[in-house]
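**Student:** my questions concern the predicted model and sequence given below.
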Amino acid sequence: MRVLVLSDTHGDLKNALYALQKEQYDIILHAGDFVRDAGELAAQVKVPLYKVLGNCDVYDLGVEKQIIELEGKKILLIHGHQLKVKTTYQRLLYCAAEENADAVVFGHTHEPLNIEQDGILLFNPGSTSRPKHGQQSSYGIMEIKGDKIKGDIYYFKRKNL
């Protein structure tokens, strides 16, 4: 199973739409900021799309976190602002452990992250529209094969987009 992971689109869907066209995937996860963008993206595809609210989604309706089970793996989807991910990942790891999650997909920092810690994959695709400090915009692909779950980060070429 291939999972397209997006976050922090902030109303600029150009790169996200490019990723939707370029990649092959079975499901999409949007980790917040702007959750209404996820609705526009969902209208473009015929696969399930799961989304959560971010800190910029104060006037939108939705949930702040979800547990999604895919191919026997539990994925915690959360924006991360409520767990203060800009300062530490410890609360994120605690929350994942409480949920018995195999992976956590989050955003908020606008910086990609793809590490395993304490047996939990911490996966942040970065921002498709507002990368941090001169970095490139990015998105992620997670793959679930058998009992393995892994992530990869992909960067948009500045000259093309």
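**Tutor:** The structure has been received and is ready for your questions.
**Student:** just checking, what packs against the worst-scoring helix or strand of the chain on mean pLDDT?
**Tutor:** When each helix and strand of the chain is scored by mean pLDDT, DSSP states H and E, helix 35-42 comes last, with a mean of 90. Packing partners of helix 35-42 (3 or more CB pairs under 8 Å, 6 or more residues apart in numbering; DSSP states H and E): helix 14-22, strand 27-30, strand 49-51. Where you see a C-beta, it was placed from the backbone N, CA and C, and this is true even at glycine.
**Student:** can you say which of the ones you listed is packed in most?
**Tutor:** strand 27-30 (a mean of 25; mean count of other CB atoms under 10 Å).
**Student:** what strands line up against that strand, and which way round?
**Tutor:** strand 2-6 (parallel), strand 49-51 (parallel) (DSSP bridges).
**Student:** what about the protein, any weak spots by pLDDT?
**Tutor:** Counting by pLDDT under 70, the low-confidence segments of the chain come to 158-161.
**Student:** that one: strands as residue ranges?
**Tutor:** Ranges of strands in the chain, per DSSP state E, are 2-6, 27-30, 49-51, 65-70, 73-78, 103-105, 113-117, 120-124, 138-145, 148-155.
**Student:** save these as TSV, and put in distance to R36 too.
**Tutor:** What follows is these, written out as TSV (distance: least, CB to CB, whole Å):
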stretch	distance to R36
strand 2-6	13
strand 27-30	10
strand 49-51	9
strand 65-70	17
strand 73-78	17
strand 103-105	19
strand 113-117	25
strand 120-124	21
strand 138-145	18
strand 148-155	24
